[in-house]
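# Quick one, fold the following:
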Amino acid sequence: MFCKNCGSQLPNDATFCSKCGQEIQTSDVNKSKKPRKKKALLVVGIIMGLFLVFTIVPNMFGNSDPIVGKWRAIAFAQDEDVIPVLEDGYIDIKGNGSLSMRFDEDTIFSGTWKRDEGTLSTDSGIQYIPYSVEFTDTTGILLFNYEENRIFVIINDITTVFEKY
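A predicted model of the protein is given here:
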């Protein structure tokens, strides 16, 4: 607590100010906290607010999609042939609608994606969520399967299968 007369800091049980001699009454005591503590609380509040704005709030409005992330290519299929892919084949899908695919050291595609309406089902009941993919010189379809947690990208009759890293 502080003396109302001279502003000196006093012990909580003081009855007189040791600096100016003023009698201290409960009503005379300035019990307010130091401004430093108020500033610290303000800074913590601002930091927490920014955290909410940039991390939690965007996810509340559907800006997160299950396909966003990096997926490892595991196979190509064309007609009846299944071809294993190199270890460094991947698709990297960004939340902003962009993506990049790499099949080998020389083949990298950049493009965009967007979710299509509804779902697709096979005769055996497997459900896929469809997405459109667009590259500079071609378009295709991306199918996401929750049960298998795999992505199938179909471009020019070639299907590439990806699984999450």
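
# Every contact and neighbour count from this point should use C-alpha atoms.
Noted.

# where exactly do the strands run in this structure?
Using DSSP state E, the strands of the chain run over residues 69-78, 81-83, 90-93, 98-104, 107-115, 120-121, 127-135, 139-145, 150-155, 158-164.

# counting residues per helix, which one in this structure is longest?
Assignment by DSSP state H gives helix 35-51 as the longest helix of the chain.

# Alpha carbons of it, as PDB, please.
What follows is helix 35-51, C-alpha atoms only, in PDB (Å, rounded to 0.1, in the frame of the first residue of the first chain):
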ATOM      1  CA  PRO A  35       0.800   0.000 -13.500                       C
ATOM      2  CA  ARG A  36       3.400  -2.700 -14.500                       C
ATOM      3  CA  LYS A  37       1.000  -5.400 -13.600                       C
ATOM      4  CA  LYS A  38      -1.800  -3.800 -15.600                       C
ATOM      5  CA  LYS A  39       0.400  -3.600 -18.700                       C
ATOM      6  CA  ALA A  40       1.500  -7.200 -18.300                       C
ATOM      7  CA  LEU A  41      -2.100  -8.300 -18.200                       C
ATOM      8  CA  LEU A  42      -2.900  -6.200 -21.300                       C
ATOM      9  CA  VAL A  43       0.000  -7.800 -23.200                       C
ATOM     10  CA  VAL A  44      -1.100 -11.300 -22.200                       C
ATOM     11  CA  GLY A  45      -4.700 -10.500 -23.300                       C
ATOM     12  CA  ILE A  46      -3.500  -9.200 -26.700                       C
ATOM     13  CA  ILE A  47      -1.300 -12.300 -27.200                       C
ATOM     14  CA  MET A  48      -4.200 -14.600 -26.400                       C
ATOM     15  CA  GLY A  49      -6.500 -12.600 -28.700                       C
ATOM     16  CA  LEU A  50      -4.100 -12.900 -31.600                       C
ATOM     17  CA  PHE A  51      -3.800 -16.700 -30.900                       C
END
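
# Need the strands of the chain in TSV (columns: distance to G45, mean pLDDT and mean neighbour count).
Compiled in TSV, those are given as follows (distance: least, C-alpha to C-alpha, whole Å; pLDDT from 0 to 100; neighbours: other C-alpha atoms under 10 Å):
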stretch	distance to G45	mean pLDDT	mean neighbour count
strand 69-78	31	86	18
strand 81-83	55	77	11
strand 90-93	34	92	22
strand 98-104	34	85	18
strand 107-115	36	89	15
strand 120-121	46	90	12
strand 127-135	40	93	19
strand 139-145	40	93	19
strand 150-155	41	91	21
strand 158-164	37	88	20
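
# Thank you kindly, that will do.
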